[in-house]
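structure here, sequence nowhere to be found:
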């Protein structure tokens, strides 16, 4: 069966897609075998030999030599086999070449083309996903292709590969429409055949981290380090930073001239509030700063990564935040369980430090914290 044009066309396609000839030939063999089995269900066992140089496709049928024949298409008796060649014995296989009918040749070509194109598409997709494996944890720009009842589908990069934004990765205060351009955080790249997916997010803390890397040269250069980020997407983020160069003001670098840098991030996040907090090696001091914008009188360790933070009575609601948000974000940022108490409640428990002690230990930490909320 000769089909040089068929081979040439598919070889060009393989070359264009950058797939190896070995993979291509194996795919073609499987496609033709599948097409034959589909056309002649229950027929002989068949395999295919290909010769790309000659442009030929040869079909071969296999029959097993058995003592008692059950399936004549797949088996041959010992007696009949020995009439072909006396050396045949039970358990041997007899292979013969054959030329498919013209009708099958047409079906084979159609089926093979469909299967091969599907395989090439899968290989191209796998190649693209492999190229994206190093994009995990990165910031990318994309265009919304479509939305459904749950998910948002974002077209990424010039290769037009699709990222999926699941409900938990969407920000509650944002609306998503086809054609909109947006920046997304590549949360995970799953390369597992037909179930391959690139999961992107607008709600991940990593998005905030990457936006500041983009806006603040000192962060990208490694002069300022983002130590931790806690976030409730669409509402508020707390970000702890420190300077790795004593000449660089970490908070000032992230805020920017007249707030230009932090405001650019806030705008990208649709108005989400951002507290920029100076990190401290002292966990109790760090907790005090993390509860910004509230004033903290004292922080006392009460157990394994647990502490009580005392605030003025009139700052209790600010320290806790609406629905406990401020205290919750501070706990996530520091990794400590924080119990916030008012000064009057703390006094009854003998937890309140003197004003002089507070000024000595915590006044400096209060000044070094910045917030986008007054």
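That came through, no problem. What you see is a predicted model, and the numbers here were worked out from it, not measured in a lab.

packing partners for the helix or strand hosting residue 302?
With the criterion set as DSSP states H and E, the secondary-structure element containing residue 302 is strand 298-303. Here strand 298-303 is seen to pack against helix 283-290, strand 306-311, helix 355-367 when contacts are counted using 3 or more CB pairs under 8 Å, 6 or more residues apart in numbering; DSSP states H and E. Using the backbone N, CA and C atoms, a C-beta is placed for each residue, glycine as well.

now the angle from that strand to helix 283-290?
Computed with axes from the mean of the first three to the mean of the last three CA atoms, to 10 degrees, the direction of strand 298-303 lies at 130 degrees from that of helix 283-290.

domains of the chain?
The record's domain parsing of the chain by automatic domain parsing lists 4-131, 139-201, 204-279, 281-374.

tabulate the ones you listed (CSV), appending mean neighbour count and mean pLDDT.
Converted to CSV, the domains of the chain look like this (neighbours: other CB atoms under 10 Å; pLDDT from 0 to 100):
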stretch, mean neighbour count, mean pLDDT
domain 4-131, 15, 77
domain 139-201, 16, 88
domain 204-279, 18, 96
domain 281-374, 17, 82
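
list the residues that contact the residue most central in space within the chain.
Closest to where the C-alpha atoms of the chain average out (CA atoms, centre = their mean) is residue 188, at 1.6 Å. Contacts were defined as CB atoms under 8 Å, 6 or more residues apart in numbering; by that measure residue 188 touches 136, 197-199.

wait, is it part of a strand?
Yes: the assignment for residue 188, made by DSSP: H, G, I helix; E, B strand; the rest coil, places it in a strand.

re the thing from before, could I get the contacts of residue 188 as TSV with distance to residue 265?
Formatted as TSV, the contacts of residue 188 follow (distance: CB to CB, whole Å):
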residue	distance to residue 265
136	22
197	27
198	24
199	22
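
in these, find the pair that's most separated.
Using CB to CB, the pair of those lying farthest apart is 136 and 197, separated by 11.9 Å.

give me the common contacts of those two.
Contact criterion CB under 8 Å, 6+ apart; residues shared by residue 136 and residue 197: 188-189.

which SS class is the closest residue to residue 295 other than its chain neighbours?
What sits nearest to residue 295 in space, not counting adjacent residues and going by CB to CB, 6 or more residues apart in numbering, is residue 315, at 5.3 Å. Assigned with three-state DSSP, residue 315 falls in the helix class.

go on, residue 71?
Under three-state DSSP, residue 71 falls in the coil class.

just the strands from the stretch 51-200 of the chain, written as ranges.
With DSSP state E, counting those that start in this stretch as the criterion, the stretch 51-200 of the chain has strands at 56-66, 75-77, 93-98, 139-147, 152-156, 161-165, 181-190, 197-201.

wait, the stretch 201-350 of the chain
With DSSP E, counting those that start in this stretch as the criterion, the stretch 201-350 of the chain has strands at 224-232, 236-243, 273-278, 298-303, 306-311, 337-342.

export these to CSV and append columns for distance to residue 143.
Shown next, in CSV, are these (distance: least, CB to CB, whole Å):
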stretch, distance to residue 143
strand 224-232, 24
strand 236-243, 25
strand 273-278, 26
strand 298-303, 47
strand 306-311, 45
strand 337-342, 41
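
closest to residue 252 out of the contacts of residue 188?
Nearest to residue 252, judged by CB to CB, of the contacts of residue 188 is residue 136 at 31.7 Å.
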